[in-house]
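**Q** Please find the sequence and the predicted model below.
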Amino acid sequence: MPESTVIYTHGHHESVLRSHSWRTAQNSASYLLPYIKPNMHILDIGCGPGTITLDFAILIGPTGHITGIEPSPGDVLTQARETAASRGITNVEFKIGDIFELEEMFSEQTQKFDIVHVHQVLQHIDRERVSEALMQMRAVTKPGGIVAVRETDFAAMTWFPVSGGMAEWVDTYQLVARANGGEPNAGRRLVSWALKAGFARDKITASAGTWCFSTPDQRDWWSRLWADRTLSSNFKTTTLKSGLADEEKLNRIADTWTEWGKAEDGWFAILNGEIICRVD
Ligand SMILES: C[S@@+](CC[C@H](N)C(=O)[O-])C[C@H]1O[C@@H](n2cnc3c(N)ncnc32)[C@H](O)[C@@H]1O
């Protein structure tokens, strides 16, 4: 197997999985729901703890099947399998697999997938190889099937109250994600990447979806999550190692998040690019 291509900025610290596990098909893949039908075979690449994957598993029914893949063995796959068991979902399999090796991984499978899906993954892989990843996704999709992608766009995030601290957070995040080889402003680039991968423009449907955090509970959850990520996850270690911030700056960013969480008029909106690419 070729050397792993994994450069995931956040890692799978508890503070990171806290945010991924909140995700559902409804709040993170509503653009795709009209295409999901019983009996389908779906591949969910970079499935993380698998909460979206498991919602899809229910939608395709017991005669459908979904495979979730993650590039490394570890707690995240275990967590996904445990969640499936606790929900009594059996038409799912969680396996090790890399987005750049899909053709090889599924070469012996007679049936290709109806839907090949990624959510918040392309922004984290080598930005020079995103089209290659989309070509791999297309290669394991059956004719008439679809490749579906949803990615956020950090430069399009917006919030209130406006503060220098939040600007410092997003600037630092952008630098760290790019130093890791990724593209944090992925959402706006999805159509362009799909064209480069060889999808004709009339086979691509583009949309945008949002998340918004504003109630006291949402602010508390979102702000703690980022304060904890800043001080405890891979984000901290990569940032310090790269020299893009020191401990003092990271502490300042974490304090900014804590303050934002307490602001009664606090509001945070996230824009996600979405594409459905139809495969001939
Ligand atoms: C932001 S998380 C998204 C998890 C899940 N899709 C969700 O939205 O909750 C990105 C995931 O992509 C995975 N990933 C990173 N590089 C990958 C690669 N080369 N192939 C497959 N997955 C990858 C990471 O391990 C991580 O779990």
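**A** Looks like it came in fine. Treat the numbers as computed from the prediction; the structure is a model and nothing was measured.
**Q** What ranges in the protein fall below the confidence cut-off?
**A** Scanning the chain for pLDDT under 70 picks out 1-7.
**Q** ok, the residue nearest in space to the middle of the chain - contacts?
**A** Centroid check for the chain by CA atoms, centre = their mean gives residue 120 as the closest residue, at 1.9 Å. Residue 120 makes contacts with 46, 150, 151, 152, as judged by CB atoms under 8 Å, 6 or more residues apart in numbering. Where C-beta positions appear, they are placed from N, C-alpha and C, glycine not excepted.
**Q** Please, where are all the strands along the protein?
**A** 41-45, 65-70, 92-96, 113-119, 141-152, 158-160, 204-213, 267-278 (DSSP state E).
**Q** Would you mind saying which of those strands lies nearest residue 249?
**A** strand 158-160 (19.0 Å; CB to CB).
**Q** Pull out the buried positions in that closest one.
**A** residue 159 (16 or more other CB atoms under 10 Å).
**Q** contacts for that strand?
**A** Looking at what lies outside strand 158-160 - CB under 8 Å, 6+ apart - the contacts are 166, 260, 265, 266, 267, 268, 269.
**Q** In ChimeraX, how would I select the buried members of those?
**A** A single ChimeraX command selects the buried members of the contacts of strand 158-160 (16+ other CB under 10 Å):
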select :166,260,266,268
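**Q** now the contacts of strand 158-160 in CSV, with distance to residue 211?
**A** Shown next, in CSV, are the contacts of strand 158-160 (distance: CB to CB, whole Å):
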residue, distance to residue 211
166, 16
260, 15
265, 18
266, 14
267, 12
268, 8
269, 7
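**Q** quick one: which of the contacts of residue 120 has the most company?
**A** residue 150 (27 neighbours; other CB atoms under 10 Å).
**Q** so what's it up against?
**A** 28, 29, 31, 32, 118, 119, 120, 209, 272, 273, 274.
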